[in-house]
Structure formats: structure tokens, C-alpha cells
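Trainee: here's a sequence, model it:
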Amino acid sequence: MTDQFGARAGAFAGALRAAISERGITLSRLQKGLADDGNVVSMATLSYWRSGDRQPEGAQSLSVVDGIEDRLGLTRGHLSSLLRPSTRLGPMAPPRLPFDEERENRETEETLSALRSIPQDALRDLSTQLTVRVGADGAVESIVMRSLVQATHGVIAELPLIDVAPEETDVMSVISDVVGGRVDREYLHPGRLLSGVVIALDEPITTGGTTLFEFTESFPPGYPPRQSAWHATSRSARETLIWVHFHPDAPPSWCEEYLETEDEYVSSMRSVRSGSVHVARHGFGPGVLGIRWGYDE
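Mentor: Purely as a prediction, here's the structure:
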């Protein structure tokens, strides 16, 4: 008799075989396309997945599955929804602060301490999506952040968030419209550059469990104008997406995508089409991924 695991593994393999066959693509060509997208995977692994001998497990493998869906023109979740929840969460690298500046590193640690934040080494980032609205003055008006996270061991009941202002200020950004939790504590560092909040989850999660939460960040009068949108993570994230919408009366003169890690800094100019621009990465982190823009005189 086939157990539940075998049935779901077989369903995933069957759907993968069917999609590959329908598109007339070879496994070798699929592997090369995935590598071009930054989703490196061996031919042996793809062959195991296609045959059903193994199923994808772990953040990197699940990111590859997302890439396969994109490459084969499938809707997101077409394949991944057929996978059983993995009990092999795998080792997690210790979280690292993504900032280079000594001051920002130090003040981040001090802010987390003041917030009485628990260590985040038992958390995995599965998906983070930022939708950014830019006002007529060219500065960010609001950011809606939606995040899917997973506990790798123990119990996770709250999550800290850190904001780094463009310059020193006595005004904090405002977190509102929280879904899946509530703002429990907040703190403005005496250095007036960093601030932080702690979101208490509506339902704590345990090993292997996930939670989805969303909130809106807005910037009250007195907050320095921000002409950038970024996401900093101290852990590898399965999916990171930033989508910036510009006001129709304020298209930027230039727009730049950038990525910063401990080992490299990469940037490229982007064109703004239909009033918006986005950047997406799979398996990104630790580091900072962002978009910045500006206006000629």
C-alpha cells in the first residue's frame, strides 16, 4: 500500500514529468535555464525529482521548484503544492547583520537588546514581498510588507523589525494594519538613526510550522524623505520581491537596482515601465536588496 508520503511524492514527480513533456524541453536544457536564473541544481537531483525517487526539501531546493514553475510557464504552486511538508529542515546558518557600517551594526544590536528581542536563529524566511507607493514628491508614502516565515526549532511567538532612516530623526515610521499579529513593543535608538518594533504573532509557531503576516509602514511628517526601498535580511530567504509604484506625476529621472552582501556589491540601472519597477531574488541573503531612484534638476 502506498503511504501518504509516497502518494504526494508520486504526484509531484508525475506533474513534473507531464510539464516537461508537454513543453518538449530536455532535462539538460531545463537545468541550464535554471542556472541562468540563479537556481543552480544538478542533473542528478532533477532526475531524482522527475522519477519520484526523491522530493525537494530545504529552502534552496524549494527555491529551485519555484524556478522550475517559472521556466515551464506554470502557475506558482502548481508543483510545490504537491509536496508534503518537510520534516528535514536542514541546518541553518547563524543570522548575520547585513550592514557594513560599524555604527549600524552596533546600534542594531543595541536596538534588539532594548526591545528584549529573542534570538532569530530558529527562523527561516520563506517569502517576503514589499509593495511600495511613491508620492508626488518622489518620496515613499507607504510600504506594505507581507512575509511568510517558518520555525526551524522551538517556538516562535514574536518577530523584531528594524528600520534605518535616511538620516537622523526624532520621528519613527508607523506600523499599522497588522494582520497575523500586533505591535507589542517599539524603540527609537538614542542615535536617532535606527528604530525597531516587535510584532507579537496571533498564533505562535513550532518546529516546521509557518505563519503569514502583513503590515503597512507609513512615514509621518518630520520623517526624512526616502527615495529608496530595500529589504535587509540576516538569513537566506527563499523568495524576496520588491515592487515600487511611482506617482504618475513623479516618474524618476533614473532608477537603480542594487544588491549588497558581505562579499560583493552589485548595481544596475533600471527602466521604469508603466510607472513601476520590481526586483526579485530566490535564495538571497544575508544581505540587502533594494531599489533607489532620483530626479534631475
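Trainee: so T128 is in which element?
Mentor: Using DSSP states H and E, T128 falls within strand 123-134.
Trainee: what of E203?
Mentor: strand 194-206.
Trainee: average pLDDT across that strand?
Mentor: Taken as a whole, strand 194-206 has a mean pLDDT of 94.
Trainee: same check, this time on stretch 118-136
Mentor: Mean pLDDT, computed over stretch 118-136, is 88.
Trainee: picking up where we left off before, neighbouring strands of the strand holding E203 in the sheet, and parallel or not?
Mentor: strand 155-164 (antiparallel), strand 181-188 (antiparallel) (DSSP bridges).
Trainee: and the last one, what's buried?
Mentor: Applying a neighbour-count criterion of 16 or more other CB atoms under 10 Å, the buried positions in strand 181-188 are 181, 184, 186-188. C-beta: built from backbone N, CA, C; applies to glycine.
Trainee: what does the first one give?
Mentor: With burial defined by 16+ other CB under 10 Å, the residues of strand 155-164 counted as buried are 156, 158-164.
Trainee: going by contacts, tell me the helices and strands next to whichever helix or strand comes after it.
Mentor: Elements were assigned by DSSP H and E; along the chain past strand 155-164, the next helix or strand is strand 174-179. Where contact means 3 or more CB pairs under 8 Å, 6 or more residues apart in numbering; DSSP states H and E, strand 174-179 is packed against strand 194-206, strand 210-218.
Trainee: that older thread, I'd like the buried residues of strand 155-164 as JSON lines, with distance to R106 appended.
Mentor: Output for these, formatted as JSON lines (distance: CB to CB, whole Å):
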{"residue": "I156", "distance to R106": "26"}
{"residue": "E158", "distance to R106": "23"}
{"residue": "L159", "distance to R106": "22"}
{"residue": "P160", "distance to R106": "16"}
{"residue": "L161", "distance to R106": "18"}
{"residue": "I162", "distance to R106": "13"}
{"residue": "D163", "distance to R106": "16"}
{"residue": "V164", "distance to R106": "13"}
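Trainee: CSV for the residues you listed, including distance to L212 and pLDDT?
Mentor: CSV is the format used below for the buried residues of strand 155-164 (distance: CB to CB, whole Å; pLDDT from 0 to 100):
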residue, distance to L212, pLDDT
I156, 13, 91
E158, 15, 94
L159, 12, 93
P160, 17, 93
L161, 15, 92
I162, 20, 90
D163, 21, 91
V164, 25, 88
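Trainee: quick one: which two of the residues you listed are the most distant?
Mentor: The largest separation in those, counting by CB to CB, is between I156 and V164 at 23.7 Å.
Trainee: for the nearest residue to T210 once chain neighbours are set aside, what are its contacts?
Mentor: With sequence-adjacent residues excluded and distances taken as CB to CB, 6 or more residues apart in numbering, T210 is closest to Q150, at 4.7 Å. Taking CB atoms under 8 Å, 6 or more residues apart in numbering as the contact definition, Q150 lies against 89, 123-124, 126, 205, 208-210.
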